[in-house]
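Novice: no sequence on this one, just coordinates:
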Ligand SMILES: [Zn+2]
């Protein structure tokens, strides 16, 4: 009869050195495969939201995912920044692209 199958993992210990596929899947962000959602970027009317005399040139609401809390991104004389996270927030990049992209028709 056929001899019992040897478990591959036990027979090849070198394959387990370093990062195994299981470890990688536990660490790597998998939401790109499971949730291929696009950020929601809404260009707002700064004067309507902040006030008619505001110095804010652009005001953009960004949701990195639809169910996330929105980031409010301001563009004024200080530059671009997220209300909650400052100028380095990823939402700032998305907001600038949206405004400069010219997809917003006022
Ligand atoms: Zn933010």
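Specialist: Cool, the structure landed. Treat the numbers as computed from the prediction; the structure is a model and nothing was measured. Residues are numbered from 1 along each chain as shown.
Novice: going forward, measure contacts and count neighbours with C-alpha atoms only.
Specialist: Noted.
Novice: Run through the helices of this protein in chain order.
Specialist: Along the chain, counting by DSSP state H, helices occupy 8-11, 21-27, 31-34, 46-49, 90-101.
Novice: any idea of the mean pLDDT for the last one?
Specialist: When pLDDT is averaged over helix 90-101, the result is 94.
Novice: Give me the contacts around it.
Specialist: 41, 43, 58, 60-64, 71, 73, 80-82, 104 (CA atoms under 8 Å, 6 or more residues apart in numbering).
Novice: List the buried residues for that helix?
Specialist: 91, 92, 93, 94, 95, 96, 98, 99 (16 or more other CA atoms under 10 Å).
Novice: Would you mind measuring from the third one to the ion?
Specialist: Taking CA to the ion, to the nearest Å as the measure, residue 93 falls 10 Å from the ion.
Novice: buried ones in stretch 64-79?
Specialist: 64, 70, 71, 72, 73, 74, 75.
Novice: can you tell me which two in the residues you listed are farthest apart?
Specialist: 64 and 75 (18.4 Å; CA to CA).
Novice: ok, back up a step: list just the nearest of the buried residues of helix 90-101 to the ion.
Specialist: Each of the buried residues of helix 90-101 was checked against the ion using CA to the ion; the closest is residue 91, at 5.4 Å.
Novice: Which residues of the chain lie near the ion?
Specialist: For the chain, the residues in contact with the ion (CA under 5 Å from the ion) are 71, 82, 85, 89.
Novice: Name the nearest residue to residue 87, ignoring sequence neighbours.
Specialist: With sequence-adjacent residues excluded and distances taken as CA to CA, 6 or more residues apart in numbering, residue 87 is closest to residue 81, at 3.8 Å.
Novice: can you list the weak-confidence ranges in the chain?
Specialist: 1-36, 102-106 (pLDDT under 70).
Novice: where's residue 39 relative to the ion, distance?
Specialist: In terms of CA to the ion, residue 39 sits 12 Å off from the ion.
Novice: can you check residue 53 too?
Specialist: In terms of CA to the ion, residue 53 sits 24 Å off from the ion.
Novice: pretty sure that residue contacts residue 46?
Specialist: No: with contact defined as CA atoms under 8 Å, residue 53 does not count as touching residue 46 (9.7 Å).
Novice: I'm done for today, thanks for sticking with me.
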